Every structure is written in structure tokens, then in C-alpha cells.
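Peer 1: Next input, structure requested:
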Amino acid sequence: MQKMNEILQKISIINTTNYNLLSILIESAIIFIVYYLLKKAIHHIVYKKMEGRKEYIINHTLQILLNILECLSFIIIWNNFIKNLMTLISVISAAITISLRELILNFFCGIYINIKKPFKVEDRIEIDGIKGDVTNIFALSFEVVEVSTNETHGQSTGIIVTFPSSIVLTKPIKNINKGFKYIWDEIVIKIDLQSDLQKNKNEIYKIINNNEIIKNIPHKMENQINYINSTNRIYYNKLDPIIYTRIVDNYIELTVRYLMHPKKARYVESEIWNKIYNSYKDNKINLYIN
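Peer 2: Residues are numbered from 1 along each chain as shown. Down below sits the predicted model:
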């Protein structure tokens, strides 16, 4: 160790470089290499031992932990040097000061996201007018795969949008999956005013209740409500599909309301409408044709 210090002092003198700065740079390089190798090793071990979603979650969590430890290591060794630079930093231009502020803010907001979890990977969120599914959460930012807002539920556009972590403090976040996995979906069916209302409603109930996806959701939703009621006062009077009736001009408007997973809603709607059309062709439903 003494020999290494002598070598560093000689190099410092030869290059007219501050000895302390040179020492810090070398220590920083060593820390960077050590953590780089650790990340690679952990990724390799997790890849060998696990698979699928569990592999991603564990690897992602460990990588975040190592990033935090790496940042703390750099802060510790650069601490004294940074203190000496504070006077110089105070006179740097406003643009750089704002940039540093945003960087620090994003870092702490990234910690907030990972601890408080206003959303997590695979959640569908809407923020600043952009709706998408969260694919990655980093220390300073997070990514979502955008879904189209042209329709109610949206299909993936394949576009990846990156948000700075600090946006969670400045913009409201709509999390479609937080709390409950399922949402209420509605479709409106127009029935001829002269038709047998109860017969039509019975046929529609039959179509909705026989859907393989819809029929299992009320029981799952009830379990979720029982679980979340320990921390939130939330309740629903009815979880099974229901049809609301309204007379509009010269037809009957039937609003079918049922629980649905938001990512499957468009597919299920298509299945329902196909069966409604087939029932219409078989004279089981009297659709209003304008």
C-alpha cells in the first residue's frame, strides 16, 4: 500500500495533477469495475437458476440495489472533494444548476417509485395524456409501451415512451390496475321498441354469463375487495353483469355492464358482438336498425 502511494505521488508530480484527485479517480475506476462484474455475475446466476417473470423481477430488483450501492460508494469517496468544489459550483450557470437539480430529483423520485409503488411493471397507467403498459422502472426514469387512445381500452402501438421519474410529483397518474385487477366495462345495445324486452334481455344475459372470461371474474373481484377493505373502504352492491334499460326516441337502449380485465376488454367485446349478431340472425334478439 505504501509502495502504491509512492507511485501515485510520483505520477501526480510528473503530471502536475492533484494527488487526492488522482487517488479518487483510481478508486472510482475500481468501484465501477467491481460493480460492473457483480451485475454481470448476478445476471448470469439468475438466468441459470430461474426463468420467466420471476427471473426478470429478481434480476431487476438486484440490479437496482447494486446501482444504489454503487452511487453511495461514489458519494462516499468523492465527499471531501465535492465539499471543496461547492464554492465553484455555486457560480456555475443557471442551466447547469437546473440540470443537476433535475438529476437529483429524478434519483429520489425513482427511489419513491420503487418503495411506495404508485405503479409497477405490467400495470396499465395514463399520465400526461399518454396511456401505456409499464415495461421498465429505472433509477431515473421509467418506460411504458404506448396503447392507442382512439378507443376505450386501447391496443398497443409498439411505441416505447420514457418518462423522467420526477413526473410523479408534477402530473396525476391514473393506474388502471392499482387496487383492483378488473374494471367495469359497458356496451350499449339498441333494441326495437316493439320487441319482447324480457326475451331480449334474457338472451343477452345468456351471452354475457356464458363468456369464459367474464363468468369467473365476479368471484375473483370479491376476493380482491375483501383483501383491500383492510386498508380502504371500498364496496360494490353488485358484481355480476347487469343490464340497465332506457327508452330513447323510438328504440330501447340496453346498457350492459360487466367486470373485465382492461387488457382483454376489446377481445371480449368483439366476442360478445359476434354472438349478439348471430342471435339477431336467429331472431333471438331484435336489434334496432335505423
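
Peer 1: where exactly do the strands run in the chain?
Peer 2: 124-127, 130-137, 141-147, 156-164, 173-175, 183-192, 242-248, 251-260 (DSSP state E).

Peer 1: To residue 62, which of those strands lies closest?
Peer 2: Comparing the strands of the chain against residue 62 with CB to CB, the closest turns out to be strand 130-137 (13.8 Å). Using the backbone N, CA and C atoms, a C-beta is placed for each residue, glycine as well.

Peer 1: So which elements touch the closest one?
Peer 2: On a contact count with 3 or more CB pairs under 8 Å, 6 or more residues apart in numbering; DSSP states H and E, strand 130-137 meets helix 94-116, strand 124-127, strand 141-147, strand 156-164.

Peer 1: can you do 7 Å?
Peer 2: Judged by 3 or more CB pairs under 7 Å, 6 or more residues apart in numbering; DSSP states H and E, the packing partners of strand 130-137 are strand 124-127, strand 141-147.

Peer 1: pLDDT averaged over the longest one, what's the number?
Peer 2: By that I understand strand 141-147. Strand 141-147 shows an average pLDDT of 89 in the prediction.

Peer 1: which residues touch that strand?
Peer 2: 106, 113, 125, 130-136, 154-157, 159-165 (CB atoms under 7 Å, 6 or more residues apart in numbering).

Peer 1: These, buried ones only, as a ChimeraX selection?
Peer 2: A single ChimeraX command selects the buried members of those (16 or more other CB atoms under 10 Å):
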select :106,113,125,131,132,133,134,154,161,163,164,165
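
Peer 1: re earlier: may I see the strands of the chain arranged in CSV, with distance to residue 61 as well?
Peer 2: Output for those, formatted as CSV (distance: least, CB to CB, whole Å):
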stretch, distance to residue 61
strand 124-127, 20
strand 130-137, 10
strand 141-147, 15
strand 156-164, 20
strand 173-175, 20
strand 183-192, 28
strand 242-248, 42
strand 251-260, 31
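
Peer 1: Out of those, which gets nearest to residue 68?
Peer 2: Of all the strands of the chain, the one in closest proximity to residue 68, counting by CB to CB, is strand 130-137 (13.3 Å).

Peer 1: Name every strand pairing with the closest one and say which way it goes.
Peer 2: Counting by DSSP bridges, the strands paired with strand 130-137 are strand 124-127 (antiparallel), strand 141-147 (antiparallel).
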